[in-house]
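[1] after the sequence you'll find the predicted model.
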Amino acid sequence: MANPNEITPHLFRTEYSKIVAVLCKSFDIKHIEIAEDIASETFLKASEYWAVNGLPDNPAAWLYTVAKNKTKDYFKHLSIIEKNKQEEVKTAEKEYQTIDFDTKNISDSQLEMIFATCNPVNSQETQICLALQILCGFSIEEIANAFLSKTETIKKRLQRGREVLRTHDFKIDSLSEQDIHQRLETVLTTLYLLFNEGYFSRTNTLLIRKDLCLEAIRLTLILTDNQLTNTPQTNALLALMCFQSSRLDARTSAEGESILFDEQDESLWDKALIEKGCYYLIEACNTNSNSVSKYHLEAGIAYWHTSSTGKDKWQHILNLYNQLVIIEYSPVTALNRAFAFSKVYGHQKALVETEKLNLISNEYYHGLLGYLYSELNIDKAVYHFEEAIRLTKSKPEKQTLQKQINLLKQLK
């Protein structure tokens, strides 16, 4: 029998945003906090009821029913407090029974919700923060890590962003073609960050969170089903997600420890996902548009990671990273490029490239230096691995780094 304490957090991650999106679409709730409160109360009741009575046969359907009933209760309570809301209450009571939580309506509601949240009345960073919190269920800490920012900064940004949405009469509505094109870039960035948190979590005891990866893929697939959002960039992002997801089972041990790329068991790679990645990458390039996005380049890099080892494999990867750092520089991209550089030109030359970055507060910087020094200077390698352990918040990452230190000390 499934343990409610184990399944409830997973359901919260996957179902909370669906409930919020469907309620907002159904009732045009201008203050999104009301829909969020109803969803939160639904999960509170679930945790209490399931702890005593056990899980129902269909937990998601149980949640949807409770959410509909709590919506009806909310409008009844509102009618008692504000008599001038009588007409609104009558409409709600009539319609709450028809709230539809079928797969299509959930998908449509979430898609419309993410475009509504990515409203250009806010800055692009604020739009992404709001979408990650409202649609993806990210905590403030998770968003702060995604932006390499302080939690207090993100908290204030979210507060201001929500206030702006309220001021501009926030609601889910059918968007024009111009609106969709204007907001699509921000939507893709949001899904990209959602997938990244699942692929390499910096805030969770688990290194990989498959539920986030699957949710990002599901939402991106919805975009490919719509003519207006089925763009080369969308297909390239989906290709990237497929390639990266194909290696998830090989990236951690049975004990949850991280397995480095060179040590992964290729037989565990999902060949079907690699084929899907190839399909969407071809779709992304099969267009008259000459524009190459960062998603195209990252998908190309991910493709080469899933290909059989060849003498030119890492040269191809390095060439793509050389283009990527020009299109959109980031510390992570620069460090990944330095790793690829080491595969082509060796550790000694890669050290020069890496140390020029001087990212002394970045755990991945020290982790890469530890890797590069492993063949050249064990003491320096241990020092940098220890610095990476001090800086990282990821428990699985700490375990992997400590394992590297132990192996090096055995060589002395």
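    Perfect, thanks for sending it.
[2] which strands or helices does the helix or strand harbouring Ile154 pack on?
    Ile154 belongs to helix 151-167 when assigned by DSSP states H and E. The helices and strands touching helix 151-167, judged by 3 or more C-beta pairs under 8 Å, 6 or more residues apart in numbering; DSSP states H and E, are helix 32-53, helix 124-134, helix 140-146. Every C-beta, even on glycine, is put in place using the N, C-alpha and C of the backbone.
[3] in that helix, what counts as buried?
    Ile154, Arg157, Leu158, Gly161, Arg162, Val164, Leu165 (16 or more other C-beta atoms under 10 Å).
[4] could you tell me the angle between it and helix 32-53?
    120 degrees (axes from the mean of the first three to the mean of the last three C-alpha atoms, to 10 degrees).
[5] also compute the angle for the helix or strand following helix 151-167 relative to helix 124-134, please.
    Moving toward the C-terminus from helix 151-167, the next helix or strand (DSSP H and E) is helix 177-199. Orientation of helix 177-199 against helix 124-134 (the same axes, to 10 degrees) gives an angle of 60 degrees.
[6] the helix or strand following helix 177-199 versus helix 177-199: what angle between them?
    Using DSSP H and E, the helix or strand that follows helix 177-199 in sequence is helix 210-224. Put simply, helix 210-224 runs at 160 degrees to helix 177-199, going by the same axes, to 10 degrees.
[7] contacting residues around helix 210-224?
    Applying C-beta atoms under 8 Å, 6 or more residues apart in numbering, the contact partners of helix 210-224 are 10, 13-14, 107, 110-111, 114, 136, 187-188, 191-192, 194-195, 197-199, 201, 229-230, 234-235, 237-238, 241-242, 244-245, 248, 280.
[8] now the helices and strands packed on helix 151-167 in CSV, with mean neighbour count, mean pLDDT and distance to Asp100?
    Listed next are the helices and strands packed on helix 151-167 as CSV, based on neighbours: other C-beta atoms under 10 Å; pLDDT from 0 to 100; distance: least, C-beta to C-beta, whole Å:
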stretch, mean neighbour count, mean pLDDT, distance to Asp100
helix 32-53, 17, 89, 15
helix 124-134, 23, 88, 20
helix 140-146, 20, 85, 30
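[9] now do the helix or strand hosting Val66: which elements does it pack against?
    Under the criterion of DSSP H and E, Val66 resides in helix 59-81. Helix 59-81 makes packing contacts with helix 4-27, helix 32-53, helix 86-95 when contacts are defined by 3+ C-beta pairs under 8 Å, 6+ apart.
[10] out of those, flag the one nearest His296.
    Ranking the helices and strands packed on helix 59-81 by distance to His296, with C-beta to C-beta as the measure, places helix 4-27 first at 28.4 Å.
[11] list the buried residues in that closest one.
    Buried-residue list, helix 4-27, by 16+ other C-beta under 10 Å: 4, 8, 11-27.
[12] before we move on, the earlier item: could I get the helices and strands packed on helix 59-81 as TSV with distance to Thr392?
    Shown next, in TSV, are the helices and strands packed on helix 59-81 (distance: least, C-beta to C-beta, whole Å):
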stretch	distance to Thr392
helix 4-27	23
helix 32-53	30
helix 86-95	48
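[13] out of the ones you listed, nearest to Ser253?
    helix 4-27 (20.6 Å).
[14] hang on, the earlier thing: between the helix holding Val66 and helix 32-53, how many degrees?
    Computed by the same axes, to 10 degrees, the angle between helix 59-81 and helix 32-53 is 130 degrees.
[15] run through the stretch 101-250 of the chain and note the low-pLDDT ranges.
    Low-confidence regions of the stretch 101-250 of the chain, defined by pLDDT under 70, span residues 169-174, 202-206.
[16] pull the helix holding Val66 out as CSV, backbone CA atoms only.
    Extracted in CSV, the C-alpha atoms of helix 59-81 (Å, rounded to 0.1, in the frame of the first residue of the first chain):
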residue,chain,number,x,y,z
PRO,A,59,-5.8,10.5,-5.9
ALA,A,60,-5.8,13.1,-8.6
ALA,A,61,-9.5,12.7,-9.3
TRP,A,62,-10.1,13.0,-5.5
LEU,A,63,-8.2,16.3,-5.4
TYR,A,64,-10.2,17.7,-8.4
THR,A,65,-13.5,16.9,-6.7
VAL,A,66,-12.4,18.5,-3.4
ALA,A,67,-11.2,21.6,-5.3
LYS,A,68,-14.5,22.0,-7.0
ASN,A,69,-16.4,21.7,-3.7
LYS,A,70,-14.1,24.2,-2.0
THR,A,71,-14.6,26.6,-4.9
LYS,A,72,-18.4,26.4,-4.3
ASP,A,73,-17.8,26.9,-0.5
TYR,A,74,-15.7,30.0,-1.3
PHE,A,75,-18.4,31.7,-3.3
LYS,A,76,-21.1,30.8,-0.7
HIS,A,77,-19.0,32.4,2.0
LEU,A,78,-18.5,35.4,-0.2
SER,A,79,-22.3,35.8,-0.6
ILE,A,80,-22.7,36.0,3.2
ILE,A,81,-20.0,38.7,3.5
